[in-house]
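Visitor: Pasting a predicted model and its sequence here:
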Amino acid sequence: MENSKRSITPSDREESDNEDSRKRVRWNNQLNSSRAPSVERTSISEGGTVSKVFAAVAGYHGRVGGVYFNPENHTLYLMEDTTDSSHFDLIRMFLEQTKVDTCLVSSRSEEDLILFCQDFMELSGGQCQVRPHKEFVAHKGQDKLQQLSLLSRLPQGEPDDSGDAGNSISPRNITGFIDSRRNVENDPNAQQLFTSIRLLNFGGDQAPFVYLSSTAALLEQLPRTRSAEELDETQSHLGALHINSIEILSLDQIMQVNADALASLQVFDDETHASIHSDKTKEGHSLFQLLNHTSTYLGRSLLRRWCLRPSLSITTIDARHAAIQCFLLPENMSAASTIRANLRGLCQMPKTMALLRTGRGRLPEWRGVAKFAYHVNLLKDAVRELSDYENIGAVNQKLLKALDEVNTEETGALVNSVIDWEESQTNQRVCISPGIDEALDEKKRVYNGLDDLLVHVARQVSQNVPEGYTNELNVLYFPQLGKYMDLLRNDLLSFYHQGYLIRIPTPSGWTTHNDFEQIPQWNFQVAKISEIEIMEETLNRVLEYDKKIIAVCEAAAEVDCLLSLSLASWTHSWVRPEMCEDNVIDIRGGTHPLQALLVPTFVDNDAYLVGGQGIGVGKGNYEEAMKSIMICTGANACNQSVYLKQNALIPFMAQV
């Protein structure tokens, strides 16, 4: 049996005072007339389970966003736009944490994202609906949020518990003063203004957001579902959907850092191009620029995701710190440089395998496969030269394991034995090496000596040409047509021959004119077909290791990030932080990583804060320093903001 409850608005209170005012609700699938109870609306079934949880996700060009509605507390949770990996790890965490029953996906999202959501929801026992892309529009989501009474409802002044009647009547803030002058609750202009101000916290008037488009689809689906399950047809609109709060979703084990915090801390800084005719941007003076010394594209993307979403897992953070410390050992500096140099040979492999997978591989792609196998063998030797590499999970358990699973004999050695690189470079196409196919080698031998052969054929044909019939005889060969013979007549006034005789191959052989001998047909197209078949067989053997090659690139990307962080730590003399589960920040001799590079002298600063300490706690000298709040004062231009940002950046960097 379902209990239906809803929160009463001011207009509902006036109607509830009237005994004749009734509201129809569904009770055991039957319509009954009863008073609406004055409590928050929930929907609970007989077993005590709440209604189905709906979520909407979308992804375009590597950026993903999502939103889901929690029917228990009637809260709308937004997952802001961010970049995700090719395995959609963030979307997986989003769906696992929210435990949604129905997931809505835009029809114009990436195909891999749609397939991932369908497979995940099928395994979890839920449902995945691919909705039309017209429902996923950012400005529609913004408009639907403006229609919610939550954003247009003005806050009321806090009640005064002092018992003083005079103080309770006087307004406590500017909103209370305005309310005392006019009835602002019923003023649509004031509500629209207040809604717009609050909506700035969730996107504002900037470029279209992916999560706002997901919000549009979800807010359109929820009333449709509720109207079919428990509401009347007259209530199937946003007014019947009660949303008590809108919050930004914080995923487990991930630090939530919004775009404003990233901009104020200068984690990323996109600078425009020097030329006004170019729309390209480059990374300016930012924290990411200091940390980014990666050698691969996947490594740069992974490091950017680490800066966007720092980890909250102590295990993950300690593993990264241990790897950086291992790379910074004096005996490992040479091996780390060798690994970094060989990682550059893997940077183009994801793109190369994508082209080979679709059959668009050319000579540069095949050269990339051979180069990949060469650098894989060098990486195996360089990794094993590292001291204490067995205790580094990213190196021993991921990279080295992935390298051992790739058979270089079936990839690089096979490609080198099949392709003739010198001939391919000369002809600007893939050519097969001699000794692979005897019939193909014979065709190539004849084709390479075709000039002498055509001269020999022309001499044979000229013996059968009547004397005085022509001044010149040319025999040519076109691979697309076959043999071509050109005879220039003495009699230029001949109407029937017009000076030329062209012989074109037909299914029955060459056509003849008068008493000319028929010439045997040559077909060098067979040679090209044989080359295509050999390369197709080679491609199939290489694609057997497609997933393993991509796994090597992904494992190498993580090692590339760790090498980049170790190089940045060595360059700027950073030290390893000590992580703990306590809510404590203890910084000794800290500096601002960006500001210290712009001034000739930077004074180190300490900071010590303990969270959770109440007022009046602490009596001794040691406890006196355990404060939760620090107030920084001083004259103008004394760099108080630098000190505050420094104490925020240092913990941020420790968790990257």
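Guide: That came through fine.

Visitor: can you give me the strands for the stretch 151-300 of the chain?
Guide: 245-248, 270-272, 281-283 (DSSP state E, counting those that start in this stretch).

Visitor: mind listing what's buried in the longest one?
Guide: Burial within strand 245-248, assessed by neighbour count using 16 or more other CB atoms under 10 Å, is assigned to residue 246. C-betas here are computed from N, CA, C, even on glycine.

Visitor: What is it packed up against?
Guide: Judged by 3 or more CB pairs under 8 Å, 6 or more residues apart in numbering; DSSP states H and E, strand 245-248 is in contact with strand 75-83, helix 149-152.

Visitor: mind listing what that strand pairs with, with the direction of each?
Guide: Strand 245-248 pairs in its sheet with strand 75-83 (parallel), by DSSP bridges.

Visitor: Other residues contacting the next helix or strand after the strand it pairs with?
Guide: Sequence order places helix 89-98 as the next helix or strand after strand 75-83, per DSSP states H and E. Helix 89-98 is contacted by residues 53, 55, 57, 59, 64, 66, 68, 77, 79, 82, 84, 103, 113, 116-117, 120-121, 124, 249, 251-252, 254, 309 when judged by CB atoms under 8 Å, 6 or more residues apart in numbering.

Visitor: any chance of the strands of the stretch 151-300 of the chain in CSV, plus mean pLDDT and distance to residue 129?
Guide: Listed next are the strands of the stretch 151-300 of the chain as CSV, based on pLDDT from 0 to 100; distance: least, CB to CB, whole Å:
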stretch, mean pLDDT, distance to residue 129
strand 245-248, 87, 23
strand 270-272, 83, 36
strand 281-283, 83, 37
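
Visitor: Now tabulate the ones you listed in JSON lines and tack on distance to residue 421.
Guide: Shown next, in JSON lines, are the strands of the stretch 151-300 of the chain (distance: least, CB to CB, whole Å):
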{"stretch": "strand 245-248", "distance to residue 421": "55"}
{"stretch": "strand 270-272", "distance to residue 421": "41"}
{"stretch": "strand 281-283", "distance to residue 421": "36"}
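
Visitor: Leaving out chain neighbours, which residue sits closest to residue 266?
Guide: Taking CB to CB, 6 or more residues apart in numbering, and ignoring the residues beside it in sequence, residue 266 has residue 286 as its nearest neighbour in space, at 5.3 Å.

Visitor: before we move on, the earlier item: comparing the helices and strands packed on strand 245-248 by mean pLDDT, which bottoms out?
Guide: When the helices and strands packed on strand 245-248 are compared by mean pLDDT, helix 149-152 comes last with a mean of 70.

Visitor: Stretch 59-79: which residues count as buried?
Guide: For stretch 59-79, by 16+ other CB under 10 Å, it's 59-60, 64-71, 74, 76-79.

Visitor: right, and the pair among those with maximum separation?
Guide: Spanning the widest gap among the buried residues of stretch 59-79 are 60 and 74, at 29.4 Å by CB to CB.

Visitor: can you pull the contacts of the residue nearest to residue 266?
Guide: 266, 267, 268, 269, 594.

Visitor: Next up, the contacts around the nearest residue in space to the second one that is not next to it in sequence.
Guide: Nearest residue to residue 267 in three dimensions, chain neighbours excluded: residue 287, at 4.8 Å (CB to CB, 6+ apart). For residue 287, the contacting residues are 265, 266, 267, 268, 307, 593, 594, 649, 652, 653, by CB under 8 Å, 6+ apart.

Visitor: What's the local residue count around the fourth one?
Guide: Look at residue 268: counted by other CB atoms under 10 Å, it has 17 neighbours.

Visitor: likewise the second one?
Guide: By other CB under 10 Å, 19 other residues sit near residue 266.

Visitor: ok, now residue 114?
Guide: Using other CB under 10 Å, residue 114 is surrounded by 18 other residues.

Visitor: And for residue 331?
Guide: Other residues lying near residue 331 total 10 when counted by other CB under 10 Å.

Visitor: go on, residue 305?
Guide: Considering only other CB under 10 Å, residue 305 is surrounded by 16 other residues.

Visitor: so it is in which element?
Guide: Secondary structure (DSSP H and E) places residue 305 in helix 297-308.

Visitor: mean confidence score for stretch 531-543?
Guide: Stretch 531-543 comes out at a mean pLDDT of 91.

Visitor: for stretch 341-360, same thing?
Guide: 91.

Visitor: ranking the contacts of residue 287 by neighbours, who comes first?
Guide: Counting by other CB under 10 Å, top hit in the contacts of residue 287: residue 267 with 23 neighbours.

Visitor: That residue touches residue 288, doesn't it?
Guide: Yes: Residue 267 lies in contact with residue 288 (CB atoms under 8 Å); the separation is 6.1 Å.

Visitor: if we can go back for a sec, for the contacts of residue 287, which one is nearest residue 467?
Guide: Nearest to residue 467 out of the contacts of residue 287 is residue 268 (CB to CB; 86.4 Å).

Visitor: what pLDDT does the closest one get?
Guide: In this model, residue 268 is scored at 93, pLDDT.

Visitor: got a list of what it touches?
Guide: Contacts of residue 268 (CB under 8 Å, 6+ apart): 262, 283, 286, 287, 288, 307.

Visitor: returning to that earlier point: where helices are concerned, which of the contacts of helix 89-98 count?
Guide: Those of those mapping onto helices are 113, 116, 117, 120, 121, 124, per DSSP state H.

Visitor: and of these, the nearest to residue 399?
Guide: For those, the nearest to residue 399 is residue 116 (25.1 Å; CB to CB).

Visitor: Next, work out how far apart that closest one and residue 102 are.
Guide: 16 Å (CB to CB, to the nearest Å).

Visitor: And the two? Which one has more around it.
Guide: Ranked by neighbour count (other CB under 10 Å), residue 116 and residue 102 place residue 116 first, with 22 against 18.

Visitor: For that one, which residues are in contact?
Guide: Neighbours of residue 116 in contact, by CB under 8 Å, 6+ apart: 88, 91, 92.

Visitor: The same query, at a cut-off of 10 Å, please.
Guide: 57, 59, 86, 87, 88, 91, 92, 95, 105, 109, 110, 128 (CB atoms under 10 Å, 6 or more residues apart in numbering).

Visitor: Compute the distance between the second one and residue 299, please.
Guide: Put plainly, it is residue 59. Counting by CB to CB - residue 59 and residue 299 are separated by 22 Å.

Visitor: How about the first one?
Guide: If you measure residue 57 against residue 299 using CB to CB, the figure is 26 Å.

Visitor: now the last one
Guide: Counting by CB to CB, the gap between residue 128 and residue 299 amounts to 32 Å.

Visitor: More neighbours: the two, which one.
Guide: Set side by side, residue 128 and residue 299 show more neighbours around residue 299, with 26 against 21, by other CB under 10 Å.

Visitor: residues in contact with the more buried one?
Guide: Contacts of residue 299 by CB under 10 Å, 6+ apart are 292-293, 343, 346-347, 553-554, 556-564.

Visitor: number of nearby residues for the closest residue to residue 132 other than its chain neighbours?
Guide: What sits nearest to residue 132 in space, not counting adjacent residues and going by CB to CB, 6+ apart, is residue 107, at 5.7 Å. Residues lying near residue 107 (other CB under 10 Å) number 13.

Visitor: What distance do you get for residue 107 to residue 643?
Guide: With CB to CB as the criterion, residue 107 and residue 643 are 50 Å apart.

Visitor: Same question for residue 67.
Guide: Residue 67 is 37 Å from residue 643, by CB to CB.

Visitor: coming back round to it: list just the nearest of the contacts of residue 268 to residue 569.
Guide: residue 287 (13.1 Å).

Visitor: if I look at residue 267 and residue 288, which residues touch both of them?
Guide: Common contact partners of residue 267 and residue 288 (CB under 10 Å, 6+ apart): 304, 307, 308, 656.

Visitor: Name all residues that make contact with the residue nearest to the third one when sequence neighbours are not counted.
Guide: Okay, so that is residue 308. Once flanking residues are discounted, residue 308 sits nearest to residue 82: 5.6 Å by CB to CB, 6+ apart. Residues in contact with residue 82 (CB under 10 Å, 6+ apart) are 62-66, 90, 210-211, 257, 259, 305, 308-309.

Visitor: Sounds good, over and out.
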